[in-house]
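Engineer: Would you be able to build a 3D model of this:
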Amino acid sequence: SYSIFIAGILAVLGHNYSIFLNFKGGKGLATTAGVFLALSPASIVYAIICAVALTLILRDTNTAFGIAALSIPIILAFQFGSADWIVFGAAMALIVAFKHLPDFRSYKTGRRKVFPEKR
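Structural biologist: Below you'll find the model as predicted:
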C-alpha cells in the first residue's frame, strides 16, 4: 500500500510548510530521518555515513546533509530494487534538497567555500 509513502511525504511537507507558521518551517532533515528510521533503518545509516563524509569535505554540516539526502533513492534502489521505493526516496530527497537551495546557491555566489581555510 502506498499509504506509508504518502504519510512520510506529508510528514516532511507538514514540517517544512507548517500551516501554524504561515507555511514556514524547517528543512526536513530530522523528519526525513525519522520517516526512514521507521520504514528502513538501514537506509538512514547509509545516508548518515554519506553525510558525515560530505561534512568532512565541505566543513558545512547543513549543506552536507542536504546533499546527502540526494543519496536516498540510490540507497533504496540497492536495498529494495523496487520502483515504488525509488520514487518515494526521490520525492523525499527532492523535498529536502529544495529547502537547501539557498545553501547550495551560497557556494555558487562565493559566500561559502567548498574547502574553507582551517582556523
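
Engineer: thinking Ala51 is in contact with Ala68, fair?
Structural biologist: Yes. The criterion here is Cβ atoms under 8 Å, and Ala51 meets it with Ala68 at 3.6 Å. Where you see a C-beta, it was placed from the backbone N, CA and C, and this is true even at glycine.

Engineer: Need the overlap of contacts for these two.
Structural biologist: By Cβ atoms under 8 Å, 6 or more residues apart in numbering, Ala51 and Ala68 have no common neighbours.

Engineer: so the most centrally placed residue in the chain, which of the three states?
Structural biologist: Residue closest to the average C-alpha location in the chain (Cα atoms, centre = their mean): Ala69, at 3.1 Å. Using DSSP: H, G, I helix; E, B strand; the rest coil, the structure places Ala69 in helix.

Engineer: Show the pLDDT at it.
Structural biologist: The per-residue pLDDT reported for Ala69 equals 88.

Engineer: Does anything pack onto the lowest-mean-pLDDT helix or strand in the chain? Which helices or strands?
Structural biologist: Using mean pLDDT, DSSP states H and E, helix 101-109 stands out as the lowest-scoring helix or strand of the chain, at a mean of 75. Counting contacts by 3 or more Cβ pairs under 8 Å, 6 or more residues apart in numbering; DSSP states H and E, helix 101-109 packs against helix 61-68.

Engineer: Check which helices and strands the next helix or strand after the helix it packs on sits against.
Structural biologist: Downstream of helix 61-68, the first helix or strand assigned by DSSP states H and E is helix 72-79. With contacts defined as 3+ Cβ pairs under 8 Å, 6+ apart, helix 72-79 has these neighbours: helix 41-58, helix 83-99.

Engineer: can I get the ones you listed in a markdown table with mean neighbour count?
Structural biologist: Listed next are these as a markdown table, based on neighbours: other Cβ atoms under 10 Å:
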| stretch | mean neighbour count |
| --- | --- |
| helix 41-58 | 16 |
| helix 83-99 | 18 |
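
Engineer: what residue ranges in this structure score low on pLDDT?
Structural biologist: Along the chain, the parts satisfying pLDDT under 70 run over 112-119.

Engineer: any idea how far the closest residue to Pro73 other than its chain neighbours lies from Ile4?
Structural biologist: Nearest non-adjacent residue to Pro73, counting by Cβ to Cβ, 6 or more residues apart in numbering: Gly89, 3.7 Å away. Note on Gly89: its distance to Ile4, by Cβ to Cβ, to the nearest Å, is 13 Å.
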